[in-house]
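Student: Return a 3D structure for these sequence lines:
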Amino acid sequence: MLTQRQALILKNIIRIFTETGQPVGSKHLMDELPIKVSSATIRNDMAKLEDMGLLDKMHSSSGRIPSTSGYRYYLDHLLEPSGVSQSDLAVIQQTFNKQYQMIDDIVEQSAMILSTLTSYTAISLGPDVSDIRLDGFRMVPLGNHQIMAILVTSTGSIQNQIFQLPASVAGEDLEKAVRIINDQLVGQPLSTVAKRIRTDVPQMLMKYVTTPNGFLDIFGNVLKQAESDRFYVGGRLNLLDFANNDVASLKSLYHLFEKNDDLAQLLRMPDIERDKDGKIIVRLGNELHPQTLHNYSLITATYDVHDHGRGVIALLGPTTMPYSRIIGLLDLIREELARRLTDYYSNFDD
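Tutor: Okay, the predicted model is just below:
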């Protein structure tokens with residue numbers, strides 16, 4: 001454990017380095033500390049912090065910079081989230097203050113706000129889909145044997161895909177199949193619907209439809225889209241500012257954002273899954289997978305929408321980000337996101 005003075009020195013070195021991007025020397029630090037202490041004493045404490053692995057030295061005559069272990073100690077023991085500025089608060093309230101037609105729009109907006117205010121890359125994941133129910137299903141003919149399949153959920157989310165109909169599938173059969181789906185499955189959870197189209201629904205369709213398999217393929221594909229977790233990423237291009245011209249790293253990062261399974265693995269780490277108290281979690285690059293994230297930090301916060309599940313909002317930025325401001329900002333945005341989603345759900349629950 002550090003002495004009070006050593007902790008103060010480490011905290012201020014991280015603050016100054018975050019603001020300037022330059023190694024911090026003892027003379028500069030002496031002018032910044034809130035206590036009166038000599039340059040020699042500061043140098044002695046800085047050397048001890050370096051021996052502990054909390055500071056690094058670029059070369060023999062330079063000042064110190066925080067090490068990864070130094071950042072971890074700071075995050076675990078010294079960090080004090082700052083309040084949100086009036087200008088940031090105004091942006092959040094003004095941007096959120098509009099009518100939303102779908103939950104996805106609210107979740108996506110949260111990522112856009114967070115990336116705009118931080119100039120980093122924000123990721124948001126909507127609440128669990130386990131309680132979402134089927135609200136309706138339609139097929140709209142487009143001509144040339146094409147149809148648009150439209151699935152509506154209980155949250156107002158609309159999924160649609162365009163399909164090329166097999167020549168063997170008759171239009172009359174499709175109309176009958178759509179009626180059966182709406183009569184038998186509307187109002188049921190999507191997980192139940194997915195199970196039933198593998199069990200009793202095919203036999204039910206065979207009584208009225210000569211070629212049920214083609215229809216089930218179409219309905220199953222749209223249902224799978226509705227069931228899947230949807231991630232929204234704001235500020236993808238912001239990654240360019242911190243990649244240090246590492247083309248291989250950039251390619252790996254963009255590949256990460258193209259695959260929902262990889263994003264799920266990144267956001268749903270074991271400690272996040274276990275977290276029930278809403279604690280904001282910071283993961284440094286060496287604690288993340290894939291290794292292309294070694295120069296980044298991921299700050300993750302869960303939000304609770306009561307009976308409608310929990311979601312995640314996160315920020316990916318450089319290890320040198322100003323954590324005090326960022327964590328205070330993320331905490332406020334996740335609270336506002338939860339409130340907006342709770343209000344939205346209440347309209348459906350009434």
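
Student: Can you name the residues bridging to Val152?
Tutor: Gly136, Ile158 (DSSP bridges).

Student: and it, what is it in contact with?
Tutor: Neighbouring residues of Val152 by C-beta atoms under 8 Å, 6 or more residues apart in numbering: Leu134, Asp135, Gly136, Phe137, Ile158. C-beta here means a position set from N, CA and C on the backbone, and glycine is covered the same way.

Student: what does Arg334 give?
Tutor: Per C-beta under 8 Å, 6+ apart, neighbours of Arg334: Ser110, Ala301, Thr302, Tyr303, Ile313.

Student: Repeat the analysis, applying 7 Å as the threshold.
Tutor: Ala301, Tyr303, Ile313 (C-beta atoms under 7 Å, 6 or more residues apart in numbering).

Student: and of those residues, the nearest to Gly328?
Tutor: Ranked by distance to Gly328 (C-beta to C-beta), these are led by Ala301 at 11.3 Å.

Student: what kind of secondary structure is that closest one in?
Tutor: Following DSSP: H, G, I helix; E, B strand; the rest coil, Ala301 is assigned to strand.

Student: burial of it, as a residue count?
Tutor: 22 (other C-beta atoms under 10 Å).

Student: ok, so what distance separates it from Leu293?
Tutor: 18 Å (C-beta to C-beta, to the nearest Å).

Student: among the contacts of Val152, which ones are buried?
Tutor: Leu134, Asp135, Gly136, Phe137 (16 or more other C-beta atoms under 10 Å).

Student: and those residues as TSV, adding pLDDT?
Tutor: Below are the buried ones among the contacts of Val152 laid out as TSV (pLDDT from 0 to 100):
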residue	pLDDT
Leu134	92
Asp135	92
Gly136	93
Phe137	94
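
Student: Show me which pair in those residues is furthest apart.
Tutor: Asp135 and Phe137 (8.7 Å).

Student: what's the distance between the residue nearest to Leu267 when sequence neighbours are not counted and Val201?
Tutor: What sits nearest to Leu267 in space, not counting adjacent residues and going by C-beta to C-beta, 6 or more residues apart in numbering, is Val312, at 4.9 Å. To Val201, Val312 is 33 Å away according to C-beta to C-beta.

Student: contacting residues for Thr118?
Tutor: Counting by C-beta under 7 Å, 6+ apart, Thr118 has contacts Leu315, Gly317, Ile326, Leu329.

Student: What about those residues, which are in helices?
Tutor: Residues of the contacts of Thr118 located in helices (DSSP state H): Ile326, Leu329.

Student: Tell me the most packed of the contacts of Thr118, by neighbour count.
Tutor: Top of the contacts of Thr118 by neighbour count (other C-beta under 10 Å): Leu315, with 29 neighbours.

Student: which of the residues in the helix or strand harbouring Ser324 are buried?
Tutor: Using DSSP states H and E, Ser324 maps to helix 323-349. Buried residues in helix 323-349, counted by 16+ other C-beta under 10 Å: 323-334, 336-338, 340-342, 344-345.

Student: roughly how far is that helix from the heart of the chain?
Tutor: Taking C-alpha atoms, centre = their mean, to the nearest Å, one finds helix 323-349 lying 13 Å from the centre of the chain it belongs to.

Student: What are the boundaries of the strands in the stretch 201-350 of the chain?
Tutor: With DSSP state E, counting those that start in this stretch as the criterion, the stretch 201-350 of the chain has strands at 231-234, 281-284, 296-304, 310-318.

Student: Quickly run through the sheet partners of the third one, with directions.
Tutor: Under the criterion DSSP bridges, strand 296-304 sits next to strand 281-284 (antiparallel), strand 310-318 (antiparallel) in its sheet.

Student: same question for the last one, mean pLDDT?
Tutor: Confidence over strand 310-318 (mean pLDDT, whole number) is 91.

Student: What lies in contact with it?
Tutor: With C-beta under 7 Å, 6+ apart, strand 310-318 has contacts from 107, 110, 114, 118, 120-128, 242, 267, 272, 295-305, 326, 330, 333-334, 337.

Student: Now a PyMOL select for only the buried ones of the residues you listed.
Tutor: PyMOL command restricting the contacts of strand 310-318 to the buried ones, with burial defined by 16+ other C-beta under 10 Å:
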select buried, resi 107+110+114+118+120+121+122+123+124+125+126+127+242+267+272+295+296+297+298+299+300+301+302+303+304+305+326+330+333+334+337
